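A.B. asks: no sequence on hand, only this structure:
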(Lines give C-alpha, C1' and ligand atoms only; values in the text may rest on other atoms or scores of the structure.)
Protein backbone atom coordinates (compact mmCIF):
# COMPACT_ATOMS: atom_id res chain seq x y z
CA UNK A 1 0.00 0.00 0.00
CA UNK A 2 2.84 2.38 0.85
CA UNK A 3 4.53 1.79 -2.50
CA UNK A 4 1.29 2.55 -4.31
CA UNK A 5 0.95 5.82 -2.42
CA UNK A 6 4.57 6.67 -3.16
CA UNK A 7 4.11 5.93 -6.86
CA UNK A 8 0.96 8.07 -7.00
CA UNK A 9 2.77 10.94 -5.30
CA UNK A 10 5.67 10.65 -7.75
CA UNK A 11 3.29 10.62 -10.72
CA UNK A 12 1.42 13.63 -9.33
CA UNK A 13 4.66 15.60 -9.00
CA UNK A 14 6.08 14.58 -12.38
CA UNK A 15 7.42 17.72 -14.15
CA UNK A 16 5.46 17.27 -17.37
CA UNK A 17 2.20 16.66 -15.51
CA UNK A 18 2.78 19.69 -13.29
CA UNK A 19 2.52 21.99 -16.30
CA UNK A 20 -0.62 20.23 -17.54
CA UNK A 21 -2.17 20.41 -14.07
CA UNK A 22 -1.41 24.15 -13.82
CA UNK A 23 -2.91 24.82 -17.25
CA UNK A 24 -6.08 22.89 -16.42
CA UNK A 25 -6.42 24.64 -13.06
CA UNK A 26 -5.87 28.02 -14.76
CA UNK A 27 -8.48 27.45 -17.43
CA UNK A 28 -11.14 25.89 -15.20
CA UNK A 29 -10.55 28.16 -12.19
CA UNK A 30 -10.29 31.28 -14.34
CA UNK A 31 -13.53 30.42 -16.15
CA UNK A 32 -15.40 29.81 -12.89
CA UNK A 33 -13.97 33.02 -11.38
CA UNK A 34 -14.91 35.05 -14.46
CA UNK A 35 -18.40 33.57 -14.40
CA UNK A 36 -18.69 34.55 -10.72
CA UNK A 37 -17.61 38.11 -11.48
CA UNK A 38 -20.25 38.28 -14.23
CA UNK A 39 -22.82 37.04 -11.71
CA UNK A 40 -22.21 40.18 -9.62
CA UNK A 41 -24.27 42.17 -12.13
CA UNK A 42 -26.46 39.30 -13.34
CA UNK A 43 -28.80 37.42 -11.03
CA UNK A 44 -27.02 34.45 -9.54
CA UNK A 45 -24.97 33.17 -6.60
CA UNK A 46 -21.80 35.22 -7.18
CA UNK A 47 -20.91 34.98 -3.48
CA UNK A 48 -20.57 31.20 -3.90
CA UNK A 49 -19.09 31.01 -7.40
CA UNK A 50 -16.22 33.49 -6.87
CA UNK A 51 -14.74 31.60 -3.87
CA UNK A 52 -15.16 28.35 -5.80
CA UNK A 53 -13.10 29.75 -8.68
CA UNK A 54 -10.48 31.01 -6.24
CA UNK A 55 -10.38 27.60 -4.54
CA UNK A 56 -9.71 25.91 -7.87
CA UNK A 57 -6.96 28.41 -8.67
CA UNK A 58 -5.55 28.08 -5.13
CA UNK A 59 -4.70 24.44 -5.77
CA UNK A 60 -1.84 25.64 -7.99
CA UNK A 61 -1.27 29.36 -7.33
CA UNK A 62 -0.19 31.06 -4.10
CA UNK A 63 -1.76 34.43 -5.00
CA UNK A 64 -5.19 32.79 -5.30
CA UNK A 65 -4.66 31.08 -1.92
CA UNK A 66 -3.94 34.48 -0.34
CA UNK A 67 -7.08 36.00 -1.88
CA UNK A 68 -9.15 33.03 -0.72
CA UNK A 69 -7.81 33.37 2.84
CA UNK A 70 -8.61 37.11 2.79
CA UNK A 71 -12.15 36.35 1.67
CA UNK A 72 -12.53 33.76 4.44
CA UNK A 73 -11.32 36.32 6.99
CA UNK A 74 -13.77 38.96 5.77
CA UNK A 75 -16.59 36.43 5.84
CA UNK A 76 -15.85 35.31 9.39
CA UNK A 77 -15.57 38.94 10.61
CA UNK A 78 -18.91 39.81 9.04
CA UNK A 79 -20.46 36.70 10.54
CA UNK A 80 -19.22 37.67 14.02
CA UNK A 81 -20.58 41.22 13.57
CA UNK A 82 -24.02 39.91 12.66
CA UNK A 83 -24.14 37.50 15.60
CA UNK A 84 -23.38 40.03 18.33
CA UNK A 85 -25.83 42.92 18.82
CA UNK A 86 -24.40 46.45 18.75
CA UNK A 87 -23.36 47.86 22.14
CA UNK A 88 -25.73 50.82 21.92
CA UNK A 89 -28.78 48.70 21.02
CA UNK A 90 -31.21 48.18 23.87
CA UNK A 91 -32.76 44.80 24.28
CA UNK A 92 -36.45 44.75 24.97
CA UNK A 93 -37.87 42.51 27.64
CA UNK A 94 -41.27 41.06 26.90
CA UNK A 95 -44.02 42.39 29.11
CA UNK A 96 -46.59 39.95 30.35
CA UNK A 97 -50.23 41.09 30.02
CA UNK A 98 -51.70 38.43 32.29
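C.D. replies: Perfect, I can see it now. Given the structure is predicted, the values throughout are model-derived calculations rather than measurements.

A.B. asks: ok, residue 22 touching residue 59?
C.D. replies: No. Counting by CB atoms under 8 Å, residue 22 does not reach residue 59; the two are 9.3 Å apart. C-beta: built from backbone N, CA, C; applies to glycine.

A.B. asks: show me where this protein has its strands.
C.D. replies: Taking DSSP state E as the criterion, the chain contains no strands.

A.B. asks: show me where it has its helices.
C.D. replies: Along the chain, the segments classed as helices by DSSP state H run 2-12, 15-41, 46-58, 62-83.

A.B. asks: which of those sits closest to residue 97?
C.D. replies: With CB to CB as the criterion, residue 97 lies closest to helix 62-83 of these, at 30.9 Å.

A.B. asks: could I get the buried residue list for that closest one?
C.D. replies: For helix 62-83, the neighbour count (16 or more other CB atoms under 10 Å) marks 64, 67-68 as buried.

A.B. asks: packing partners for that helix?
C.D. replies: Packing contacts for helix 62-83, counted by 3 or more CB pairs under 8 Å, 6 or more residues apart in numbering; DSSP states H and E, involve helix 46-58.
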